[in-house]
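Asks: 3D, please:
(chains A and B)
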Number of protein chains: 2
Amino acid sequence: MTSGPPAPNDLARRLRLIVITDRALAGSRNVADIVGAALRAGAPAVQLREKSLPPRETLRLARRLRADTEAAGSLFFVNDNVDLALAVGADGVHLGPGDLPVAAARRITPPDFLIGYSADDVAVARAAVADGANYIGCGTVFPTRTKPDAGTTIGLDGLAAVVRGAGAPVVGIGGITAQRARHAFGTGAVGCAVVSAVMAHPDPARAAEEVLRAASEAPA
Amino acid sequence: MTSGPPAPNDLARRLRLIVITDRALAGSRNVADIVGAALRAGAPAVQLREKSLPPRETLRLARRLRADTEAAGSLFFVNDNVDLALAVGADGVHLGPGDLPVAAARRITPPDFLIGYSADDVAVARAAVADGANYIGCGTVFPTRTKPDAGTTIGLDGLAAVVRGAGAPVVGIGGITAQRARHAFGTGAVGCAVVSAVMAHPDPARAAEEVLRAASEAPA
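Replies: Numbers count the residues shown, from 1 in each chain, chains lettered A, B, ... in the order given. Reported below is the predicted structural model:
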């Protein structure tokens, strides 16, 4: 972990692309290799999300991704598990309604530990921020097959509403491709979190570059 | 949490009965009320294990049990989740092969935090102790309907083998009733962990007393 929490503007910049892992989408390729390619292309953040991997393998992958993101100067988040995030020295955790509540996670983590929270609704987002969340992952923006249980698709209007009301940086998630990323950034979202756009892409580096280009072309 | 880790003999004494929660067995009764009755009967340890409760309710119950065990001077463990255990100030966590590995849990917890590990085999138990586990939960000793996925029943001989070889205090678990507790203590196990014997008993205080009596009558 780098020293101290990032300033809000710096955090927003570092969230402009969050590459989320999913070994089911990696096919015969290695998850860490795909992430490595995205990091070399400039991905500023990675989130480990492997719900069906045995704990020891998850820990091993988490350590590898922590080392690789650290070497690249990128942020590393762990999905759901605060304990795993702490155990590998991740920069933060991404929580949702099925996890330890944000306020409880805040109390057991260092002051510079980042907490993201999933919300598709302004009230939920504001409550999470009041409880100590540093950013909001907002979606499902577009239909996606990655997370068929992800609930209602909220579209760009739904994302824009949360961006306006959350009181913290908002990252769009759900069905975001390089093309659609442009529209997501157009709502004022600071970033896009992608799963299949990078993990299932034959050229993950190029996929990451395209999302980053969309970010750089977004109105300030 | 009381100050400092308990000395080994004191820990063994405090593990002689671990009451494990299961609201499915509590019927229309309140889990905290049943635990309260067991605590008043002298139960020296309680473990929260509610896998299907929503996180916020789990957190609420965990806080209540932490407060009640603290008032009674009893130990409080949380099953599986190191983060929840830390969040509520539990004395420890009970881990198994599906959880964060013991060594990783040890690194993110205070020095006086207790870690229990489930093992039905000497080699696994010794490895967990080498990684920092303070005690072993060993079973399934007797057939049980509480945990139909618990694997092979190891019997009193299996328990005795782990007691001899673990290198740490061993608590028997699985199908232990007040009658059977006597036999479990006879193997040299320092304690018994019970689910249905207390949670499903019409008089949980009496059930706890009976196991404690078996402990007090065991050969030293």
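Asks: could you pull out the helices in chain A for me?
Replies: Taking DSSP state H, the helices of chain A run over residues A:8-14, A:23-26, A:31-40, A:55-72, A:82-87, A:102-107, A:122-131, A:155-165, A:178-186, A:196-199, A:204-216.
Asks: so which of those helices is nearest residue B:42?
Replies: helix A:102-107 (30.4 Å; C-beta to C-beta). In short, each C-beta sits where N, CA and C put it, glycine included.
Asks: contacts only, for the nearest residue to residue A:172 once chain neighbours are set aside.
Replies: Leaving out its chain neighbours, the residue that sits closest to residue A:172 by C-beta to C-beta, 6 or more residues apart in numbering or on different chains is residue A:184, at 4.0 Å. Counting by C-beta atoms under 8 Å, 6 or more residues apart in numbering or on different chains, residue A:184 touches A:141, A:156, A:159, A:172, A:176, A:192, A:214.
Asks: by neighbour count, which of those residues wins?
Replies: residue A:172 (33 neighbours; other C-beta atoms under 10 Å in any protein chain shown).
Asks: measure that residue to residue A:20 for me?
Replies: 12 Å (C-beta to C-beta, to the nearest Å).
Asks: who touches both of the two?
Replies: Common neighbours of residue A:172 and residue A:20 (C-beta under 8 Å, 6+ apart) are residue A:193.
Asks: just how off-centre is the least confident helix or strand in chain A by mean pLDDT within its chain?
Replies: Least confident helix or strand of chain A, by mean pLDDT, DSSP states H and E, is helix A:8-14 with a mean of 88. Offset of helix A:8-14 from its chain centre (C-alpha atoms, centre = their mean, to the nearest Å): 13 Å.
Asks: so which residues make contact with that helix?
Replies: A:5-6, A:44-45, A:74-75, A:114, A:134-135, A:169, A:190-191.
Asks: any idea which of the residues you listed is closest to residue B:164?
Replies: Closest to residue B:164, out of all of those and judged by C-beta to C-beta, is residue A:114, at 47.3 Å.
Asks: residues of chain A that sit close to chain B?
Replies: Residues of chain A lying near chain B by C-beta under 8 Å from any C-beta of the partner chain: A:54-56, A:59, A:81-84, A:86-88, A:97-101, A:104-105, A:107-108.
Asks: distance of the residue sitting furthest away from the middle of chain A from residue A:207?
Replies: No residue in chain A sits farther from the centre than residue A:28, which is 23.5 Å out by C-alpha atoms, centre = their mean. To residue A:207, residue A:28 is 18 Å away according to C-beta to C-beta.
Asks: and for residue A:134?
Replies: Taking C-beta to C-beta, one finds residue A:134 at 26 Å from residue A:207.
Asks: how about residue A:38?
Replies: The spacing between residue A:38 and residue A:207, counted by C-beta to C-beta, is 8 Å.
Asks: can you list the weak-confidence ranges in chain A?
Replies: For chain A, the stretches with pLDDT under 70 are A:1-6, A:8, A:146-150, A:220.
Asks: so what's the residue nearest to residue A:54 when sequence neighbours are not counted up against?
Replies: Closest residue to residue A:54 apart from its sequence neighbours, by C-beta to C-beta, 6+ apart: residue B:98 at 7.8 Å. Neighbour list for residue B:98: A:54-55, B:80 [criterion: C-beta under 8 Å, 6+ apart].
Asks: now list the buried members of the residues you listed.
Replies: A:55, B:80 (16 or more other C-beta atoms under 10 Å in any protein chain shown).
Asks: between the contacts of residue B:98, which sits nearest residue B:127?
Replies: Using C-beta to C-beta, those come closest to residue B:127 at residue A:55, 14.5 Å.
Asks: quick check: the closest one touching residue B:100?
Replies: Yes. Contact criterion C-beta atoms under 8 Å: residue A:55 and residue B:100 qualify, at 6.2 Å.
Asks: shared neighbours of these two, anything?
Replies: With C-beta under 8 Å, 6+ apart, residue A:55 and residue B:100 have no common neighbours.
Asks: what's around residue A:95, how many residues?
Replies: Neighbours of residue A:95 using other C-beta under 10 Å come to 27.
Asks: typo on my end, it should be residue A:181
Replies: By other C-beta under 10 Å, neighbour count at residue A:181 equals 26.
Asks: if I look at the residue nearest to it when sequence neighbours are not counted, how far off is residue B:124?
Replies: In space, and not counting its chain neighbours, residue A:181 is closest to residue A:214: 3.9 Å by C-beta to C-beta, 6+ apart. The gap separating residue A:214 from residue B:124 is 50 Å, by C-beta to C-beta.
Asks: now residue A:134
Replies: 39 Å.
Asks: repeat that for residue A:180.
Replies: As for residue A:180, its distance to residue B:124 is 48 Å (criterion: C-beta to C-beta).
Asks: neighbour-wise, which of the two wins?
Replies: residue A:180 (20 against 17).
Asks: if we can go back for a sec, neighbour count: residue A:134 and residue A:207, which is higher?
Replies: residue A:207 (26 against 22).
Asks: now that one: closest residue in space that isn't a chain neighbour?
Replies: residue A:201 (3.9 Å).
Asks: right, and that neighbour touches residue A:209 too?
Replies: No. When contacts are counted by C-beta under 8 Å, residue A:201 is not listed as touching residue A:209 (10.7 Å).
Asks: who touches stretch A:102-115?
Replies: Residues beyond stretch A:102-115 that count as contacts (C-beta under 8 Å, 6+ apart) turn out to be A:1, A:3-6, A:11, A:75, A:77, A:82, A:85-86, A:91-95, A:99, A:117, A:128, A:131-135, B:59, B:83-84, B:86-88.
Asks: looking at the sheet around the residue nearest the centre of chain A, what are its partners?
Replies: Centrality entry for chain A: nearest residue to the mean C-alpha point is residue A:18, 4.1 Å, by C-alpha atoms, centre = their mean. Applying DSSP bridges to residue A:18 yields these beta-bridge partners: residue A:45, residue A:193.
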